[in-house]
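>>> when you get a sec, could you give me coordinates for this:
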Amino acid sequence: MNGPQEPPMKILFASSEAQPLIKTGGLADVAGALPLALGHFGQDVRLVLPAYPQAVERAIPLQPVAELYLPGSPEPVRLLEGRLGGEIPLYLVDAPELFERPGNPYVGADGHDWPDNPERFALFCRAVTAIALNHAGLDWHPDLVHCNDWQTGLVPALLAGEGSRPATLFTIHNLAYQGVFDRAVFDRLHLNPALWSPQGLEFHGHFSFIKGGLAFADWITTVSPTYAREILTPAFGYGLEGLLRHREERLEGVLNGIDYRQWDPASDPAIPHHYDADRFALKAGNKRALQREMGLPEEDDVLLFGHIGRLVEQKGVDMILDVLPGLMRRPGTQLVLLGSGSAELERALQEAGRRFPDRVATYIGYDEPLAHRVEAGCDCFLMPSRFEPCGLNQLYSLRYGSVPLVHRTGGLADTVVDATPRNLLDGRATGFVFDQPDSAALWRAMERAMEFWGRPEGAWERLAVNGMRQDFSWDASARRYLEIYRRAIDDPAPNPLAGTA
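Just a heads-up that it's a prediction; the model follows:
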């Protein structure tokens, strides 16, 4: 792949999770794929994240390359160096007292946030800042630091007052998660008192990590063009819409891509039958295999709906439960669900599986290979999210010929083209889209899908194959990020605290 003509940029990519090292959501997919895509364009990209045990185990071999003496850690913090995907330099911030914990990187076994999360991610931000200022003894001074979500929000704020600092870009993956704590936490972290102001990290009397990114970064991005517009409104801004409108000229939506090396039905090792847009008929073998694996009758003619997601209000699985009685009254349909989250929703899904064992199959938990088999095996993938900054499963579904059925919001609106008569005639249609985030609208869209499934002469296959031919690889997104990086480097934003007492 030919890189751009400009000299390569030195980019430090900071994230609290990254595939395949550790994952709780879409941030990990982005942090595991975008640095690699940027590297393919000839950039000098390095990834940094905390040294969770799971990340350390999966990143081996590692070697210590630096010791950092940072506020918040009585012991020196080691930097361990490895490689991501055998290509990108990887730094793990090794502070065992804070990061050497099993399981989820943010939540304990009791399901509650680790009470010292502010200390954990403040230390991580200080380590990232030390690397960014070339204070880690690595003899490497990045041109730009790309921060992601609240766990890295302090980095732009910590860098803003430095003279010879790199540019900063802050990406919002989900504005609903903000890292808000009380004033006592701010004081406990021994941050610069000047940061406690409405122009800084203070948020209605509380301390907000994410405001560090939103107020201080040279540029702000989010993960789809539609979501970039939505977060400027009270409905999606979570009280930060005023700040975002103030910085609107430096806010841009860049659609996430997906890694077609990991998500390719022609070569996916997790699925039993490989296929592509030119061999769509072979997809049917995956449907039968999924039905068998999930304990459903193996029937080619039924319309098999699928859903994968966190069982939280945002994802709309409660709406799927609402329409389930109507779906069960319609012969020729099945439903497979994979997810975990709310205990109440988990119980409701398990009960649905018990009530309708020949029609509904549920898997509570998360299983990455099974997620691939659901994408390959279902005919129609349900994403009734109330909001969805980008969404990845609809992109996987398009790639796997599993027609997405989505609520028109965020990245779902930007990636799925509704099967209206005009869009079908123009050859643009790729799925089914509904406008209101409620059960009635979801049901009407599912009825449209069921009617379309019954159409003759390969109508469904044409719709599915059209989706498979769309290109949502990381290349286009990486090119867009390179343009924004250049802009951030060439035109740094003023420090919002400059001139304040």
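
>>> for the helix or strand hosting Arg58, the averaged confidence score.
Using DSSP states H and E, Arg58 sits within helix 53-59. Average pLDDT, helix 53-59: 95.

>>> give me the contact list for that helix.
18, 20-22, 49, 62, 80, 82-84, 90, 92, 94, 100-102 (Cβ atoms under 8 Å, 6 or more residues apart in numbering). Backbone N, C-alpha and C define where each C-beta goes, glycine included.

>>> any idea how far it is from the middle of the chain?
Relative to its parent chain, helix 53-59 has a centroid offset of 20 Å by Cα atoms, centre = their mean, to the nearest Å.

>>> hang on, the earlier thing: which one of the contacts of helix 53-59 is nearest Leu34?
Leu34 has its nearest neighbour among the contacts of helix 53-59 in Ala18, at 9.6 Å by Cβ to Cβ.

>>> domain parsing for the chain?
Using automatic domain parsing, the domains assigned to the chain come out as 10-257+475-490, 277-470.

>>> reformat the ones you listed as a markdown table; add mean neighbour count and distance to Trp263.
Below are these laid out as a markdown table (neighbours: other Cβ atoms under 10 Å; distance: least, Cβ to Cβ, whole Å):
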| stretch | mean neighbour count | distance to Trp263 |
| --- | --- | --- |
| domain 10-257+475-490 | 20 | 10 |
| domain 277-470 | 19 | 5 |
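
>>> reformat these as CSV; add distance to Leu497.
CSV is the format used below for those (distance: least, Cβ to Cβ, whole Å):
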stretch, distance to Leu497
domain 10-257+475-490, 6
domain 277-470, 28
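
>>> these: which one's closest to Pro265?
domain 277-470 (5.1 Å).

>>> would you map the helices across the stretch 101-250 of the chain?
Taking DSSP state H, counting those that start in this stretch as the criterion, the stretch 101-250 of the chain carries its helices at 117-132, 154-160, 183-188, 209-216, 225-230, 234-237, 241-246.

>>> sorry, that was for the stretch 351-500 of the chain
Using DSSP H, counting those that start in this stretch, the helices of the stretch 351-500 of the chain run over 368-377, 393-399, 410-415, 421-426, 439-453, 459-468, 474-490.

>>> for the fifth one, packing partners?
Yep, that's helix 439-453 we're talking about. Using 3 or more Cβ pairs under 8 Å, 6 or more residues apart in numbering; DSSP states H and E, the elements in contact with helix 439-453 are strand 303-308, helix 317-328, strand 380-383, strand 403-407, strand 432-434, helix 459-468.

>>> who's in contact with the closest residue to Tyr227 other than its chain neighbours?
With Cβ to Cβ, 6 or more residues apart in numbering as the criterion, Tyr227 has its nearest non-adjacent residue at 4.1 Å, and that residue is Gly410. Gly410 is in contact with Ser224, Thr226, Tyr227, Glu230, Ser385, Phe387, Glu388, Pro389, Cys390, Gly391, counting by Cβ under 8 Å, 6+ apart.

>>> surely the fifth one is in contact with Glu313?
Okay, so that is Ser385. No: with contact defined as Cβ atoms under 8 Å, Ser385 does not reach Glu313; the gap is 9.8 Å.

>>> shared neighbours, these two?
The overlap between the contact sets of Ser385 and Glu313 (Cβ under 8 Å, 6+ apart) is empty.

>>> need the pLDDT of the nearest residue to Ala419 once chain neighbours are set aside.
Spatial nearest neighbour of Ala419, excluding adjacent residues (Cβ to Cβ, 6+ apart): Ala429 at 4.1 Å. At Ala429, the model reports a pLDDT of 98.

>>> what does Asn2 give?
Looking at Asn2, its pLDDT is 52.

>>> please apply the same query to Asn495.
The score at Asn495 is 92. That number is its pLDDT.

>>> do you know how far it is from Leu84?
Noted for Asn495: a distance of 32 Å to Leu84, by Cβ to Cβ, to the nearest Å.

>>> repeat that for Glu461.
Between Glu461 and Leu84 the computed distance is 38 Å (Cβ to Cβ).

>>> now Leu47
In terms of Cβ to Cβ, Leu47 sits 5 Å off from Leu84.

>>> pretty sure Gly467 contacts Tyr396?
No: between Gly467 and Tyr396 there is no contact under Cβ under 8 Å: 10.7 Å.

>>> okay, and the common contacts of these two?
In contact with both Gly467 and Tyr396: no residue, using Cβ under 8 Å, 6+ apart.

>>> thinking again about what came up before, I'd like the helices of the stretch 351-500 of the chain as JSON lines, with mean pLDDT and distance to His307 appended.
Listed next are those as JSON lines, based on pLDDT from 0 to 100; distance: least, Cβ to Cβ, whole Å:
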{"stretch": "helix 368-377", "mean pLDDT": "96", "distance to His307": "8"}
{"stretch": "helix 393-399", "mean pLDDT": "97", "distance to His307": "9"}
{"stretch": "helix 410-415", "mean pLDDT": "96", "distance to His307": "14"}
{"stretch": "helix 421-426", "mean pLDDT": "95", "distance to His307": "24"}
{"stretch": "helix 439-453", "mean pLDDT": "98", "distance to His307": "11"}
{"stretch": "helix 459-468", "mean pLDDT": "97", "distance to His307": "17"}
{"stretch": "helix 474-490", "mean pLDDT": "95", "distance to His307": "25"}
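
>>> now the ones you listed in JSON lines, with distance to Arg250?
Formatted as JSON lines, the helices of the stretch 351-500 of the chain follow (distance: least, Cβ to Cβ, whole Å):
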{"stretch": "helix 368-377", "distance to Arg250": "36"}
{"stretch": "helix 393-399", "distance to Arg250": "27"}
{"stretch": "helix 410-415", "distance to Arg250": "20"}
{"stretch": "helix 421-426", "distance to Arg250": "34"}
{"stretch": "helix 439-453", "distance to Arg250": "35"}
{"stretch": "helix 459-468", "distance to Arg250": "34"}
{"stretch": "helix 474-490", "distance to Arg250": "8"}
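
>>> closest one to Leu349 among the ones you listed?
helix 368-377 (14.0 Å).

>>> pull the residues that contact that closest one.
Taking Cβ under 8 Å, 6+ apart as the rule, helix 368-377 contacts 263, 265, 268, 270-273, 283, 286-287, 289-291, 293, 304, 306, 308, 336, 338, 363, 381, 393, 396-397, 399-400, 402.

>>> could you find the closest non-adjacent residue to Gln178?
Ile210 (4.4 Å).

>>> quick one: the one you found and Phe181 touch, right?
No: look at Ile210 against Phe181 with Cβ under 8 Å: they stay out of range, at 11.3 Å.

>>> so what sits against both of the two?
With Cβ under 8 Å, 6+ apart, Ile210 and Phe181 have no common neighbours.

>>> output the helix or strand that contains Leu335 as CSV, restricted to C-alpha atoms.
Per DSSP H and E: Leu335 is located in strand 333-339. What follows is strand 333-339, C-alpha atoms only, in CSV (Å, rounded to 0.1, in the frame of the first residue of the first chain):
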residue,chain,number,x,y,z
THR,A,333,-39.3,-17.4,12.2
GLN,A,334,-36.6,-18.1,14.8
LEU,A,335,-34.5,-15.8,17.0
VAL,A,336,-30.9,-16.3,18.4
LEU,A,337,-29.6,-13.8,21.0
LEU,A,338,-26.1,-13.5,22.5
GLY,A,339,-25.3,-11.0,25.2
